[in-house]
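> With the input below, show me the fold.
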Amino acid sequence: MALPISLICCDESGIALNQTTTDADGRYKFDNLPVGQYQILVSIPQGSIATRIQQGTPTLDSDINPYGLATDLVLPLGIDNKDVDAGLTLSLELGDFVWEDLNYNGLQDAGEPGLEGVAVRALDASGNLLAETLTGADGKYILIGLPSIDIEMTFEVADPFKATQSNISDPTTNSDINNAGSTGLITLSGQSSNKNIDAGLYRESCIGDFIWLDQNGNGIQDTDDRGLWDVMVVLYNEAGIQQQIYFSNETGRYEFCGLKPGNYYLTTQPSRWLFSNPRGLGSILKDMGNGEFKTEIFTLVSGNTLMDLDLGFEYRPQSKLCGIVFADENADGRYTLNETGIAIMS
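Numbers count the residues shown, from 1 in each chain. Now for the predicted structure:
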């Protein structure tokens with residue numbers, strides 16, 4: 001912005017009367033003007049914008065609007081006006097992408113869609129609105145003509161969406177917003193462009209849903225198969241960290257909600273004599289031994305609801321065989337009360 005700035009003095013109707021340029025100190029003047037009302041038009045250089053208008057005292061503020069025009073300048077007889085000033089600042093352009101983070105890794109992966117209609121706002125350090133826009137069909141947005149100052153960007157995170165992980169790895173593909181949808185104040189003063197201010201959003205998921213007694217052992221939920229009540233189901237993430245616990249209700253239903261995208265598995269430990277049935281297509285449990293049953297790892301993506309994770313059991317009552325090994329002292333082949341059991345034979 002070191003080049004001379006061109007200014008035009010106009011009468012109140014906008015007709016040009018005179019033209020000048022600023023000197024090395026940025027000063028200008030129009031001499032020998034008669035009494036009247038005037039306008040001054042400042043030619044704003046490319047890459048610059050007018051700063052905020054009339055933010056201070058008349059001797060210190062800027063008097064031009066965003067188009068570079070200062071209006072309603074009255075000159076009484078014999079009185080100079082030396083306070084018609086113009087403040088210019090570097091223009092800043094910001095962008096660029098709001099997307100659905102299907103796998104909740106905080107990065108823009110191939111195939112993850114942009115989100116349309118998300119409100120994007122630029123605020124100054126005091127929280128004043130500088131500009132706002134909506135994302136397009138491709139999730140892209142752009143804000144132009146901003147002052148080159150430190151700026152906070154906010155993104156409207158509306159239900160059912162939530163903000164994904166932020167500031168992961170590569171700044172060109174990660175998400176820059178916190179849980180409230182704000183970037184915080186970004187150091188942008190002196191810059192002309194930043195096209196890496198992105199926001200990743202995701203939707204929570206639910207899983208379920210039925211635990212039942214497979215009365216005929218066919219592995220299918222038949223009309224006369226009843227739900228099992230009060231069976232504890234435990235949800236783990238892929239790393240084996242417990243996430244939630246649920247006890248099936250009186251109809252055999254269970255449900256886990258509020259889940260982030262990721263890999264999970266279920267375990268359950270039902271009452272004795274209940275065993276998973278691997279046959280058919282109705283149950284996803286595997287017998288892990290010691291009364292524990294476990295599913296394979298399954299994957300949830302953003303907004304994906306899996307309500308077919310059903311757990312089927314068979315009732316298999318089991319009996320015991322037991323007795324006593326005894327020392328038959330009179331060799332009559334019968335155990336009597338005075339004969340002792342043999343714990344160890346050497």
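
> residue nearest the centroid of this protein?
Relative to the mean C-alpha position of the chain, the nearest C-alpha, by Cα atoms, centre = their mean, is the one of residue 163, at 1.7 Å.

> list the contacts for that one?
When contacts are counted by Cβ atoms under 8 Å, 6 or more residues apart in numbering, residue 163 is found next to 157, 175, 177, 178, 179, 180, 181, 199, 200, 201. Backbone N, C-alpha and C define where each C-beta goes, glycine included.

> would you turn these into CSV with distance to residue 99, neighbour count and pLDDT?
Below are these laid out as CSV (distance: Cβ to Cβ, whole Å; neighbours: other Cβ atoms under 10 Å; pLDDT from 0 to 100):
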residue, distance to residue 99, neighbour count, pLDDT
157, 13, 19, 96
175, 8, 27, 97
177, 12, 23, 98
178, 17, 13, 97
179, 17, 10, 96
180, 18, 10, 96
181, 14, 21, 98
199, 8, 30, 98
200, 6, 31, 98
201, 7, 24, 98
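
> Which two among those are spaced furthest apart?
The largest distance within the contacts of residue 163, taken as Cβ to Cβ, falls between 180 and 200 and amounts to 14.3 Å.

> ok, back up a step: what residues are bridge-paired with the residue nearest to the centre of the chain?
Going by DSSP bridges, residue 163 is paired in beta bridges with residue 201.

> Then residue 234?
Taking DSSP bridges as the rule, residue 234 bridges to residue 245, residue 267.

> Also residue 39?
residue 10.

> Need the pLDDT of it.
As summarised for this prediction, residue 39 has a pLDDT of 96.

> which residues touch stretch 229-241?
Contacts with stretch 229-241, where a contact means Cβ under 8 Å, 6+ apart, come from 207, 211, 242-252, 254, 256, 259, 262-271, 297, 311.

> What subset of the residues you listed is buried?
Buried subset of those (neighbour count, 16 or more other Cβ atoms under 10 Å): 207, 211, 246, 248, 252, 254, 256, 259, 262, 264-268, 270, 311.

> about what we covered before: let's have the contacts of residue 163 in TSV, adding secondary structure.
Shown next, in TSV, are the contacts of residue 163 (DSSP: H, G, I helix; E, B strand; the rest coil):
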residue	secondary structure
157	coil
175	coil
177	coil
178	coil
179	coil
180	coil
181	coil
199	strand
200	strand
201	strand
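
> and which of the residues you listed is nearest residue 68?
Using Cβ to Cβ, the contacts of residue 163 come closest to residue 68 at residue 199, 33.8 Å.

> I figured residue 86 hits residue 70, correct?
Yes: at 7.1 Å, residue 86 counts as touching residue 70 under the criterion of Cβ atoms under 8 Å.

> If residue 300 is in a bridge, with which residues?
Beta-bridge pairing for residue 300 (DSSP bridges): residue 262.

> burial of it, as a residue count?
22 (other Cβ atoms under 10 Å).

> same check, this time on residue 233
Summarising burial for residue 233: neighbours were counted as other Cβ under 10 Å, giving 24.

> likewise residue 101?
Here the neighbour count serves as a burial measure; for residue 101 (other Cβ under 10 Å) it reads 27.

> low pLDDT regions in the stretch 1-150 of the chain?
The stretch 1-150 of the chain contains residues with pLDDT under 70 at 1-2.

> Now do the buried residues in stretch 184-197.
Of all the residues in stretch 184-197, those buried under the rule 16+ other Cβ under 10 Å are 186, 188, 191, 194, 197.

> How about stretch 229-241?
Within stretch 229-241, judged by 16+ other Cβ under 10 Å, the buried ones are 231, 233, 234, 235, 236.

> so what's the closest residue to the first one other than its chain neighbours up against?
Read it as residue 231. In this structure, residue 231 finds its nearest non-sequential neighbour in residue 248, 4.5 Å apart by Cβ to Cβ, 6 or more residues apart in numbering. In this structure, residue 248 makes contact with 211, 227, 228, 229, 230, 231, 233, 254, judged by Cβ under 8 Å, 6+ apart.
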